[in-house]
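1. Using only what follows, build the 3D model:
(one chain, ligands or ions: 1)
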Amino acid sequence: MTVVLASETPADADDLSVWPASTAPLPDGDLAVGGVSLADVAARFDTPAHVLDEGEVRSRCRAYRAVFPDADVLYAAKAFLSRTMVRWIGEEGLGLDVCSAGELELAVTSGFPPDRIVLHGNAKSPHDIGTALRLGVGRIVIDSPSEIARLAAAVGPHGRQKVMVRVVPGVSAGGHEKIRTGTDGQKFGLSLTDGTAQHAIARLLTQPQLPLVGLHCHIGSQITAVKPYVAALRRMVGLMARIRDTHGLVLPELDMGGGHGIAYRPGEPALDLTALARGLRTELAASCAAAALPVPRLILEPGRAVAGPAGVALYRVLAVKTTGDRVFVAVDGGMSDNPRPALYGVRYAPRLVGRHSTAGTRTATVVGRHCEAGDILAADVGLPGDIRPGDLLAVPAAGAYQLSMASGYNLVGRPPVVAVDGGTARLLVRRETLDDLRGRDVGE
Ligand code: LLP
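-> Numbering: from 1, shown residues only. Predicted structure coming up:
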């Protein structure tokens, strides 16, 4: 049976806590983000569309720099990248973490200084490595023993490439099993526990053309507690001390990766950056003092926490139907522009925009338009009881790992990205059209 709670107004109608800071209610149930009406964005750019609040991206970069004034903050490009995003990141003084020739090439051809870029990847292709060396990337993070010989050969006896080693510190954290990378038994990094990391480091030190400048770890993603970072940092400093004792090498850099969690729905926790900074700084000072090590330069790689809260996804309702005891609200996007609910069981908080409703809340499941029963964007959310085809739904916290993970499923075409700021909307990435899709299809 449909659950209709006529006495309630939509639960979080006034709660804009997971929306960009610029978000403001407009008359007629509309919302402005970056001073631009979401209904106007939908009318001008059509739906589905992604809105990115430039001011929110920039202020998040600034918050990182303010909270970590002595650290290098690298934006993790995999969360979302476009040429304009590259420019904003550069202007705000952040570096970049990339994990493919594609991300790297886009960044450098958009004017980003290659020496402020770190290349990651558990399986770097010859093309990735060739591009990194050609463009002069700042650091390459070694992720497997076999990569050492491959990279040394690519660099050549007279070349030089700074490297780091990705260590698995044995600390488990992260919002979902698929994004926990801090312990053994998953594909990333070199184990501290079984000595593979130490072995790789010893091997690297026989390769003078690959100077080891530091250690890296990334324990997981969507982490909302400081404690696992502190525990990982302590182990990483322990390894740095052992490297000094064994090889007489004092490493100048320690990269603690990203993983900083955000709230997707009102009331959910987010990682407290000030507490993280305090925790890391205190532990770094204490562990280094205990080991008589100079304090290394700290590096961080947030992706989600920079881009996620700055994004809003806009969809048009195409169909509303009741099946059994469930109400399905089907929209014009879905798992091809946001695979995250299907992959990680993430819950979002869509809301009606562009129309004021006085109807009570009813529980509904927002689904996409794709040919799969698992194409669910938001299960069991409160929406106005009179939700109907033609309505506009907006989903906050949509800026990270949605478009960057978008697919070509059902040849729907990927949505555009529209930047909003100071009352102006401009297109950053245009909608993918049938011509784009046809252009790649070169058979008869
Ligand atoms: N550094 C490294 C080496 C990483 O592998 C990642 C993310 C980051 C930094 C940035 O992590 P962030 O601060 O954004 O959590 N697709 C998943 C997330 C996968 C994260 C992969 N690595 C999701 O949608 O939740």
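
2. Tally up the residues packed near the closest residue to residue 194 other than its chain neighbours, please.
-> In this structure, residue 194 finds its nearest non-sequential neighbour in residue 184, 6.9 Å apart by C-beta to C-beta, 6 or more residues apart in numbering. Any C-beta I mention is one placed from the backbone N, CA and C, and that applies to glycine too. Neighbour count of residue 184, defined by other C-beta atoms under 10 Å: 13.

3. got a list of what residue 184 touches?
-> Residue 184 makes contact with 168, 170, 191, 193, 194, according to C-beta atoms under 8 Å, 6 or more residues apart in numbering.

4. Could you check the pLDDT of the last one?
-> At residue 194 the predicted local confidence, pLDDT, stands at 93.

5. For this protein, which helix extends over the most residues?
-> Ranked by residue count, the top helix of the chain under DSSP state H comes out as helix 227-247.

6. so of the contacts of residue 184, which ones are in strands?
-> 168, 191 (DSSP state E).

7. May I see the contacts of residue 184 arranged in JSON lines, with neighbour count and distance to the ligand as well?
-> Output for the contacts of residue 184, formatted as JSON lines (neighbours: other C-beta atoms under 10 Å; distance: C-beta to the nearest ligand atom, whole Å):
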{"residue": "168", "neighbour count": "25", "distance to the ligand": "12"}
{"residue": "170", "neighbour count": "17", "distance to the ligand": "17"}
{"residue": "191", "neighbour count": "18", "distance to the ligand": "16"}
{"residue": "193", "neighbour count": "12", "distance to the ligand": "19"}
{"residue": "194", "neighbour count": "12", "distance to the ligand": "21"}
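
8. and which of the contacts of residue 184 is nearest residue 69?
-> Residue 69 has its nearest neighbour among those in residue 168, at 29.1 Å by C-beta to C-beta.

9. Contact partners for the closest one?
-> The contact partners of residue 168, taken as C-beta under 8 Å, 6+ apart, are 181-184, 186, 188-193, 197, 217.

10. Helices along the stretch 101-250 of the chain, start to end?
-> When assigned using DSSP state H, counting those that start in this stretch, the helices of the stretch 101-250 of the chain occupy the ranges 101-109, 126-135, 145-155, 196-204, 227-247.

11. before we move on, back to that, and the residue nearest to residue 194, how far from residue 322?
-> 48 Å (C-beta to C-beta, to the nearest Å).

12. likewise residue 238?
-> For residue 238 relative to residue 322 (C-beta to C-beta), the value is 59 Å.

13. so how many other residues sit close to the closest residue to the ligand within the stretch 1-150 of the chain?
-> Scanning the stretch 1-150 of the chain for proximity to the ligand using C-beta to the nearest ligand atom identifies residue 76 as nearest, at 3.4 Å. Using other C-beta under 10 Å, residue 76 has 30 other residues around it.

14. Next one, pLDDT for it please.
-> Residue 76 carries a pLDDT score of 98 in this model.
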